[in-house]
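A.B. asks: Fold the following.
(one chain, ligands or ions: 1)
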Amino acid sequence: MCGIVAYYGPNQAYDFLIKGLQRLEYRGYDSAGVALLNGDLRVYKNAGKVSELEAIADNQNVTGTRGIGHTRWATHGEPNSINAHPHLSQSGDIALIHNGIIENYDTLKKVLISRGHEFKSDTDTEVLTHLIEEIKEEEQVDLLEAVRLALNEVIGAYAIVILSKNDPNTLIAARKGSPLVVGISENEGEFFLASDATPIVEYTKKVTYLDDNEIVSIHDGEMTLKTIDNVIKSPFIQELEISLDALEKGGYEHFMLKEIFEQPKSIYDSMRGRFDPVNLTFAMRSLVEYSGKIRNLDRIIIIACGTSWHAGLVGEYLIEEFGRIPVEVEYASEFRYRNPIITEDDLVIAISQSGETADTLAALEMAKEKGATIYGICNVVGSSIPRITHAGAYTHAGPEIGVASTKAFTAQVTVLTLLALGIADIRGKISKKRLREMFAELDTIPHKVELLLESCNEKCKEIAAIYQDAPNCLYLGRGYNFPVALEGALKLKEISYIHAEGYPAAEMKHGPIALIDEEMPVIVIAPKRNYYEKLLSNVQEVKARKGKIIAIVTEGDEKVKEIADHYIEIPDTEDCLTPILATIPLQLLSYYIAVNRGCNVDQPRNLAKSVTVE
Ligand code: M6R
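C.D. replies: You can find the predicted model right below:
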């Protein structure tokens, strides 16, 4: 969490910093701040959003050709202006921004206090500014060396950028566990730094992603890279592929709505060029390279968090159905701490939109250490997970900016479908006839999503208006649509703050049925595929207790429609592809309910898009 930006160059830094922070606001919006260097070092910071910072800073002196900026998701210390970044050193000469957590900050702070340091904030970050300054003075070293030595004393995760009043031609940044990208301008001596590439792409396409334990120093317009062990490295410079349009709302009221409506394209992009429906072959490099491994696999473990974990559950059903390999799906945060059994024969798949989720990353590192082959399904190109995996497949959904994950989920499920079919093909578990049918159906999905968005949008709005004040909501599904029920419930609670639970429909009678009365909306995902008759009985059970039924049904369904209070039709498709379609009206329902309740849909309270703390 937290977004950081920095500018070093011949131009004024402020506009880039503010615009960049707005792009990174999805990472946290508890407070925002900037520091500008122009002879003196000035800091403007405030609790709340970047727009509130702008309102304060715009009337001040915001000149300076060196600058750093931060948007915060609070970990240590409440979200007020004192705890907002940048933080200053004891003398006020060094300013620092930080994304991550300094785990041993308390010990370091006590030592520094015993040496006369006085702290203003409750943050772990402020400790770092004091430590760097103390080392610089005590050891009589330059800023870069002071930062390097300080980082050798630090335990934890960080992406940091440092400005010093006494070193106006220097900017230092470092990374361990939290992302940092450096953009290299066409203009000599101009550099842009940020937590991800979105603030940078408007200015340059040439970037280098820092690796863990690397420090970058920009001094007198030249960039050098070294490790915290003092080993000089050459930066690996690559071209960004993000388009600027993808970062704008493009006429939609919210990013979330835009991203929901982008799904015909994002789903298409996630499968584009990856299979040949005529020759029945796959063009996924990871499948080709690891075919030997896949042939001999005994088990697959999928690790993820949140929505990506729900996609993982769909993946489990897909891989077990087609590939006939046992799959375990684990919450990354649980998996990494429970001493799981992992062997060299395992394939561990991490699913993550951001590619930065701290628990997923750490769980994956642990699996790698134990000898497993690790595979990533991520959306953000160049993010941490794809950089540590042996193999993987990007989802190619394009930037997802709304905190609630929408198009990333459907792209993840699409990639998992291809992976399951690929595994099945390699292991000889699927006939050519079935593969042909699946490819043919997959080909139709983007268009079906397009039709569905057109047909269900108004209906979702109407239903949302009826249930916007419900205090609770239940989501039920079976088989492939049980994870969809979980995802629907998560989407509703995270953006509308309505309490919602997802359940396997048959589990209802083991407890949740007690909640059902005439006030309770129950959303049932009931496509006319596997378990249809069973689901029908579950719908009857809700009806008998006067619950309000909102059913997601297959076009042409008669039976569920008759019982339900409201229904939304989805096009018919293969059972295993129904999650992609059924999820879409649930996203829209949550969206419209949240909008009607006046919630901040793109930046729900307490959340951040990229969870880079454990
Ligand atoms: O970037 P990741 O996919 O690893 O993120 C995992 C979760 O934090 C994320 O899916 C979260 O649950 C979303 N807010 C859900 O909409």
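A.B. asks: Once you drop chain neighbours, what's closest to the residue of the stretch 501-614 of the chain found nearest the ligand?
C.D. replies: Using CB to the nearest ligand atom, the single residue of the stretch 501-614 of the chain nearest to the ligand is residue 611, 4.7 Å away. All C-beta spots, glycine's among them, are computed from the backbone N, C-alpha and C. With CB to CB, 6 or more residues apart in numbering as the criterion, residue 611 has its nearest non-adjacent residue at 5.2 Å, and that residue is residue 357.
A.B. asks: Enumerate the residues of the protein near the ligand.
C.D. replies: Counting by CB under 6 Å from any ligand atom, the residues of the chain close to the ligand are 305-308, 352-354, 357, 360, 403-405, 490, 494, 611.
A.B. asks: Compare these and tell me which is most surrounded.
C.D. replies: With neighbours set by other CB atoms under 10 Å, the maximum within the residues of the chain next to the ligand is found at residue 352, which has 34 neighbours.
A.B. asks: residues contacting it?
C.D. replies: Counting by CB atoms under 8 Å, 6 or more residues apart in numbering, residue 352 makes contact with 304, 305, 308, 360, 361, 376, 377, 378, 379, 383, 385.
A.B. asks: helix, strand or coil for the third one?
C.D. replies: The three-state label given to residue 308 by DSSP: H, G, I helix; E, B strand; the rest coil is helix.
A.B. asks: Identify the residues contacting it.
C.D. replies: Residue 308 sits next to 351, 352, 353, 357, 360, 405, 408, 409, 412 when contact means CB under 8 Å, 6+ apart.
A.B. asks: The same query, at a cut-off of 6 Å, please.
C.D. replies: 351, 352 (CB atoms under 6 Å, 6 or more residues apart in numbering).
A.B. asks: And for the first one?
C.D. replies: Contacts for residue 304 (CB under 6 Å, 6+ apart) come out as 312, 351, 360.
A.B. asks: any chance you could map the strands in the stretch 51-200 of the chain?
C.D. replies: 66-72, 87-88, 94-102, 156-164, 170-176, 181-184, 191-194 (DSSP state E, counting those that start in this stretch).
A.B. asks: ranking those strands by burial, who's on top?
C.D. replies: Greatest average neighbour count among the strands of the stretch 51-200 of the chain goes to strand 66-72 (a mean of 30), per mean count of other CB atoms under 10 Å.
A.B. asks: List the pairing partners of that one within its sheet, with orientation.
C.D. replies: Next to strand 66-72 in the sheet, as set by DSSP bridges, lie strand 3-8 (antiparallel), strand 31-38 (antiparallel).
A.B. asks: mind giving me TSV with the strands of the stretch 51-200 of the chain and columns for mean pLDDT?
C.D. replies: Supplementary listing: these in TSV, determined by pLDDT from 0 to 100:
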stretch	mean pLDDT
strand 66-72	96
strand 87-88	97
strand 94-102	94
strand 156-164	95
strand 170-176	97
strand 181-184	96
strand 191-194	98
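A.B. asks: Now stretch 251-263: buried residues?
C.D. replies: Under the neighbour-count criterion of 16 or more other CB atoms under 10 Å, stretch 251-263 has 254, 255, 256, 257, 258, 259, 260, 261, 262, 263 buried.
A.B. asks: I meant to write stretch 75-90 there.
C.D. replies: When burial is assessed from 16+ other CB under 10 Å, stretch 75-90 yields the following buried residues: 75-77, 79-81, 83-90.
A.B. asks: What is the nearest of those to the ligand?
C.D. replies: Of all the buried residues of stretch 75-90, residue 75 has the smallest distance to the ligand: 15.2 Å, by CB to the nearest ligand atom.
A.B. asks: Per-residue pLDDT of the closest one, please?
C.D. replies: According to the per-residue confidence, residue 75 scores 78 in pLDDT.
A.B. asks: residue contacts, residue 280?
C.D. replies: Here residue 280 is in contact with 432, 435 (CB under 6 Å, 6+ apart).
A.B. asks: Surely residue 311 forms part of a helix?
C.D. replies: Yes: following the definition three-state DSSP, residue 311 is counted among the residues of a helix.
A.B. asks: ok, so what distance separates it from residue 583?
C.D. replies: Counting by CB to CB, to the nearest Å, the gap from residue 311 to residue 583 is 10 Å.
A.B. asks: Residue 557 too?
C.D. replies: The span separating residue 557 from residue 583 equals 18 Å under the rule CB to CB.
A.B. asks: quick one: which of these two has more around it?
C.D. replies: When neighbours are counted by other CB under 10 Å, residue 583 comes out ahead of the other of residue 557 and residue 583, with 30 against 21.
A.B. asks: what's around the residue nearest to that one when sequence neighbours are not counted, how many residues?
C.D. replies: Distances taken as CB to CB, 6+ apart place residue 484 nearest to residue 583, at 5.5 Å, with adjacent residues excluded. The number of residues packed around residue 484, counting by other CB under 10 Å, is 30.
A.B. asks: Could you point out the helix or strand that follows the helix or strand hosting residue 484?
C.D. replies: Counting by DSSP states H and E, the secondary-structure element that holds residue 484 is helix 482-496. As assigned by DSSP H and E, the chain's next helix or strand after helix 482-496 is strand 499-504.
A.B. asks: buried residues in that next one?
C.D. replies: For strand 499-504, the buried set under the neighbour-count rule, 16+ other CB under 10 Å, comprises 500, 501, 502, 503, 504.
A.B. asks: Return the distance of the longest helix belonging to the chain from the chain's centre.
C.D. replies: Among the elements of the chain assigned as helix by DSSP state H, the one spanning the most residues is helix 432-467. Computed by CA atoms, centre = their mean, to the nearest Å, the chain-centroid distance of helix 432-467 equals 24 Å.
A.B. asks: which strands and helices sit next to it?
C.D. replies: Using 3 or more CB pairs under 6 Å, 6 or more residues apart in numbering; DSSP states H and E as the contact criterion, the elements in contact with helix 432-467 are helix 263-271, strand 566-570, helix 578-596.
A.B. asks: tell me the domain ranges of this structure?
C.D. replies: With domains defined by automatic domain parsing, the chain comprises 3-240, 247-430, 454-608.
A.B. asks: Please tabulate those domains in a markdown table, including the columns distance to residue 446.
C.D. replies: Formatted as a markdown table, those follow (distance: least, CB to CB, whole Å):
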| stretch | distance to residue 446 |
| --- | --- |
| domain 3-240 | 25 |
| domain 247-430 | 4 |
| domain 454-608 | 10 |
